[in-house]
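S.K.: sequence and predicted model, in that order:
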Amino acid sequence: MTTSANTPAQNSPIPTLDLNDGRAIPQLGLGIYAMKGDEGVAAIAGAVDNVGYRLLDTAVNYENEREVGQAIAECFVAREDLFVTSKIPGRHHGFDEAIASTEESLARLGLDYLDLHLIHWPNPSVGKYVETWEGLIELRERGLVKSIGVSNFTAEMLTELTEKTGVTPAVNQVELHPYFPQTELVAFHKSIGVQTESWSPLYRDQGLFDEAPITEAAAAHDVTPAQVVLRWHIEIGSIPIPKSANVDRQRSNADVFDFELDPAEVAAISGLERGRMKDRDPLTHEEM
Ligand SMILES: NC(=O)C1=CN([C@@H]2O[C@H](COP(=O)(O)OP(=O)(O)OC[C@H]3O[C@@H](n4cnc5c(N)ncnc54)[C@H](OP(=O)(O)O)[C@@H]3O)[C@@H](O)[C@H]2O)C=CC1
Ligand SMILES: O=C(O)C(=O)[C@@H](O)[C@H](O)C(=O)CO
């Protein structure tokens, strides 16, 4: 596992991984889906100040970029020590649209730049993800976005982006949890130098924590089932972005860097594979 001294996670217990563009990304982040209003601002700022989260994962479609910006303004950590991610929605696909969308995101966030910007869904029937990617390349050249990546892309789509533009995404953020470990895609990412981010890493607390390989590992390591699941993501080389609005769960979710799972435990947890949470196959599921 690579860690980097070039860290945006200064004064944070969360280590970093290297990206293919020479930058570094925290190895665990805060998912921000459905965190809104004053409560959302307090929960995000608290995660940064009280726990040490540095990677914040929002999106245009979460309709909370203003809250994220307010939390960044209110927290006690310098902007340059944070790693702020947003995502371009399907309705903003296209070269000019991607640039306009990003400028609007930055205005809502009150920031000069994003650390990472992703194409949220490929929406293949629309046929514009390559143009959108070219928009992200332009945004990186203009300095409005430091690192560029995608979300919910298949191996074939990643290859197409590289072949058509010469630029490989730094990150592919995909559905990934013990019920859907995406072993082949993670191996492909490693082979081409793309970091994997896991969305819904805890399966939204919908029964995963009762599975025997997880409860057994939790007892063996004296940690919670959620910590076992998050450590499993670290062991397979992915970057989990668990969402929690609760400070105690935020703290325990981030506290997964002082124990390790052995290969048999990792294999047993990966053996829970049964498929996606919902029918969100990016070849057919599209979000605008
Ligand atoms: N790119 C994409 O297409 C997608 C990206 N995402 C991103 O991934 C992030 C994480 O995924 P998400 O779907 O939110 O699901 P998660 O797997 O992170 O689960 C979040 C849920 O689990 C609860 N929870 C968190 N920690 C614990 C714990 N230790 N014990 C018990 N329950 C816990 C939370 O409740 P509470 O807040 O009360 O703690 C919340 O209800 C999103 O927030 C978003 O940023 C998500 C979906 C798609
Ligand atoms: O959370 C995200 O990033 C999404 O793309 C969501 O819309 C997700 O697909 C979902 O929760 C849909 O119910």
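M.R.: Thanks, I have the structure now. Ligands and ions are numbered 1, 2, ... in the order given.

S.K.: give me the phi and psi for the closest residue to ligand 2 within the stretch 1-150 of the chain.
M.R.: Nearest residue of the stretch 1-150 of the chain to ligand 2, counting by Cβ to the nearest ligand atom: Tyr33, 4.3 Å away. Bear in mind the C-beta positions are built from the backbone N, C-alpha and C, glycine included. Per-residue torsions, Tyr33: phi -60, psi 130 (degrees, to the nearest 10).

S.K.: got a list of what it touches?
M.R.: Contacts of Tyr33 were listed using Cβ atoms under 8 Å, 6 or more residues apart in numbering, and they are 59, 62, 243.

S.K.: equivalent analysis for Asn246, please.
M.R.: Counted by Cβ under 8 Å, 6+ apart, Asn246 has contacts Ala43.

S.K.: circling back to that earlier point, from the contacts of Tyr33, which is closest to Ser105?
M.R.: Closest approach to Ser105 among the contacts of Tyr33 (Cβ to Cβ): Ala59, at 8.9 Å.

S.K.: leaving out chain neighbours, which residue sits closest to that closest one?
M.R.: Spatial nearest neighbour of Ala59, excluding adjacent residues (Cβ to Cβ, 6 or more residues apart in numbering): Lys87 at 3.8 Å.

S.K.: you'd agree that neighbour is up against Gly149?
M.R.: No: using Cβ atoms under 8 Å, Lys87 is not in contact with Gly149, being 9.3 Å away.

S.K.: overlap in contacts of these two?
M.R.: Common contacts of Lys87 and Gly149 (Cβ under 8 Å, 6+ apart): 117-119.

S.K.: surely Gly31 and Glu197 touch.
M.R.: No: contact status for Gly31 versus Glu197: not in contact, 9.9 Å apart, counting by Cβ under 8 Å.

S.K.: which phi and psi does the residue nearest to Thr16 when sequence neighbours are not counted have?
M.R.: Leaving out its chain neighbours, the residue that sits closest to Thr16 by Cβ to Cβ, 6+ apart is Ala24, at 4.0 Å. Main-chain torsions, Ala24, degrees, to the nearest 10: phi -130, psi 150.

S.K.: quick one: Ala24 and Pro15 touch, right?
M.R.: No: Ala24 is beyond contact range of Pro15, at 9.3 Å (criterion: Cβ under 8 Å).

S.K.: look at these two and report which has more neighbours.
M.R.: Comparing Ala24 with Pro15 by other Cβ atoms under 10 Å, the one with more neighbours is Ala24, at 21 against 17.

S.K.: for the residue nearest the centre of the chain, give me its contacts.
M.R.: A centroid search over the chain (Cα atoms, centre = their mean) returns Glu197, at 4.4 Å, as the residue closest to the centre. If you count contacts by Cβ under 8 Å, 6+ apart, Glu197 has them with 29, 57, 151, 171-174, 238-241.
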